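Peer 1: I would like to see how this sequence folds:
(one chain, ligands or ions: 1)
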Amino acid sequence: MADSTAQVIRIQHPLVQHKLTLMRQSETSTAKFRQLLREIGMLLAYEVTRDLPLRLESIQTPLASTEAPKLAPDKKLVLVSILRAGQGLLDGMLELIPSARVGHIGLYRDPSTRVPVEYYFKLPHDVEHRDVLIVDPMLATGNSAIAAVERVQEYNPLSIKFICLLAAPEGIANFHSHHPHIPLYTAAIDDHLDDHAYIIPGLGDAGDRAFGTR
Ligand code: URA
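Peer 2: Numbering: from 1, shown residues only. Take a look at the predicted model:
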């Protein structure tokens with residue numbers, strides 16, 4: 001259920017779209033918002049792992065022996081969450097891909113310059129043998145996503161994909177002007193950014209809504 005144009009892949013699965021609409025609604029509670037973010041994380045994980053290679057393996061069922069597909073053992077994933085809103089998506093994705101390793105990037109947006117400032121960075125040691133999925137619900141200006149990809153690229157992973165829930169057209173253009181070959185998965189592309197770089201109509205501040213802060 002993904003429609004692919006260039007390197008932007010829109011995830012249009014009805015369950016994703018329905019849950020996203022619930023998340024957008026201002027009356028949705030913190031607990032419900034967090035639950036929906038986790039559920040959408042699972043659905044996004046399903047879509048972004050469609051191209052994982054399979055290998056046939058000889059197995060024994062209770063009735064017969066047969067050849068059956070399993071995920072190729074040499075294809076290993078790292079999920080990298082951009083703190084803090086990435087955590088909600090990460091939790092859902094890990095439910096489906098429990099063997100993935102996890103990295104974290106802490107970035108905050110300097111309120112005056114809007115430039116991302118790194119305050120935390122930790123990746124698994126063997127990233128060069130793994131494919132990386134970077135997750136952050138909101139691609140607004142794109143600056144955090146650009147910075148996160150650049151940091152991860154320093155460790156030479158096999159590949160990188162960027163996964164978000166909502167993207168602004170300005171953010172997509174900025175991201176792809178820096179990283180034209182990194183596939184960007186999103187459930188929706190909204191209208192524009194406001195003067196404070198919030199996505200309109202958007203869903204507000206994803207971190208605040210997931211954690212009940214303000
Ligand atoms: N980050 C958010 O959480 N929301 C926005 O609208 C933009 C950036």
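Peer 1: and the next element down the chain from the lowest-mean-pLDDT helix or strand in the chain?
Peer 2: Least confident helix or strand, the chain: strand 2-5 with a mean of 44, by mean pLDDT, DSSP states H and E. Heading C-terminal from strand 2-5, the first helix or strand you meet, by DSSP states H and E, is strand 8-11.
Peer 1: Which is the succeeding secondary structure element to that following strand?
Peer 2: helix 14-24.
Peer 1: So what's the gap between the very next helix or strand once past that following helix and the chain middle?
Peer 2: Next in sequence after helix 14-24, counting helices and strands by DSSP H and E, comes helix 30-48. Distance, stretch centre to chain centre, for helix 30-48: 10 Å (CA atoms, centre = their mean, to the nearest Å).
Peer 1: got the buried residues for helix 30-48?
Peer 2: In terms of neighbour count (16 or more other CB atoms under 10 Å), helix 30-48 has its buried residues at 33-48. All C-beta atoms are positioned from the backbone trio N, CA, C, and that covers glycine.
Peer 1: What average pLDDT does the strand of greatest length in the chain get?
Peer 2: If you go by DSSP state E, the chain has its longest strand at strand 101-109. If you average the pLDDT over strand 101-109, you get 93.
Peer 1: swap in stretch 13-21?
Peer 2: Rounded mean pLDDT across stretch 13-21 is 98.
Peer 1: Does at least one residue of that stretch sit close to the ligand?
Peer 2: No: judged by CB under 6 Å from any ligand atom, stretch 13-21 and the ligand are separated, with a smallest distance of 13.3 Å.
Peer 1: did I read that right, residue 78 in a helix?
Peer 2: No: counting by DSSP: H, G, I helix; E, B strand; the rest coil, residue 78 is not found in a helix; it is strand.
Peer 1: Show me what the helix or strand immediately after the longest strand of the chain in the chain is packed against.
Peer 2: Where DSSP H and E defines the elements, the next helix or strand beyond strand 101-109 is strand 116-122. Under the contact definition 3 or more CB pairs under 8 Å, 6 or more residues apart in numbering; DSSP states H and E, strand 116-122 sits against strand 101-109, helix 143-153.
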